[in-house]
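Visitor: Build me a model from this:
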Amino acid sequence: MSINQTRILALIAETRDSSKLRRLMENAERLGETDVYEAAFDRLVNLMPTSGLDPLDREYWRMINAFEHVLRLARGKSVPMTRTRQKVEKLGAQKALEEFAPGKPETEGFALLIEQGRPDLTSEAIILRNIGLFEADVSLAARQRLEAAGVDVSTLKAA
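Guide: Down below sits the predicted model:
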């Protein structure tokens with residue numbers, strides 16, 4: 001790793017500016033700097049207030065940030081997930097996640113995150129990492145959706 005790349009990664013770790021992170025991601029993608037792109041993406045999806053949030057809520061909000069980012073890339077404009085945000089505020093993360101998995105069609109956000117190589121940021125991955133909180137049918141549906149998308153669930157990154 002070059003000294004310049006080390007400095008950029010250190011800058012990313014401290015940055016709280018989503019616009020700056022997006023610019024860094026665009027430049028990294030253009031230059032083929034995968035490590036820089038991934039670090040900036042991870043930092044971007046982790047930008048949120050953490051006080052008062054339990055681990056499941058933090059994971060849920062990371063997922064929302066990731067969905068909004070990949071939708072922005074796909075559509076070329078900002079796409080706030082207003083209904084999804086309202087759902088978690090009304091029901092809580094656990095209930096909102098339960099509604100994603102069984103019997104529902106695959107979402108655009110799921111497909112885009114899979115395409116980006118980030119199945120770890122899907123609601124299905126969150127369910128599997130917190131399997132003790134969910135009914136068996138919810139966990140099974142989450143596993144089946146990920147496996148149908150070609151994801152080896154044993155390799156999912158921890159939050």
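Visitor: who's in contact with Glu38?
Guide: Glu38 sits next to no residue when contact means C-beta atoms under 8 Å, 6 or more residues apart in numbering. No exception for glycine: its C-beta is placed from N, CA and C like everyone else's.
Visitor: Arg72 too?
Guide: Contacts for Arg72 (C-beta under 8 Å, 6+ apart) come out as Ser78, Val79.
Visitor: Spell out the residue ranges of the helices in the chain.
Guide: Counting by DSSP state H, the chain has helices at residues 3-14, 18-31, 34-45, 55-75, 82-91, 93-100, 108-115, 123-129, 136-148.
Visitor: what's the closest of those to Lys157?
Guide: Lys157 lies closest to helix 123-129 among these, at 8.1 Å (C-beta to C-beta).
Visitor: related to what we said a few turns ago, deepest-packed of the helices of the chain, please.
Guide: Most buried of these, by mean neighbour count (mean count of other C-beta atoms under 10 Å): helix 123-129, with a mean of 25.
Visitor: and the helices of the chain as CSV, adding mean pLDDT?
Guide: Below are those laid out as CSV (pLDDT from 0 to 100):
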stretch, mean pLDDT
helix 3-14, 90
helix 18-31, 92
helix 34-45, 93
helix 55-75, 89
helix 82-91, 87
helix 93-100, 87
helix 108-115, 91
helix 123-129, 94
helix 136-148, 93
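Visitor: Lovely, talk soon.
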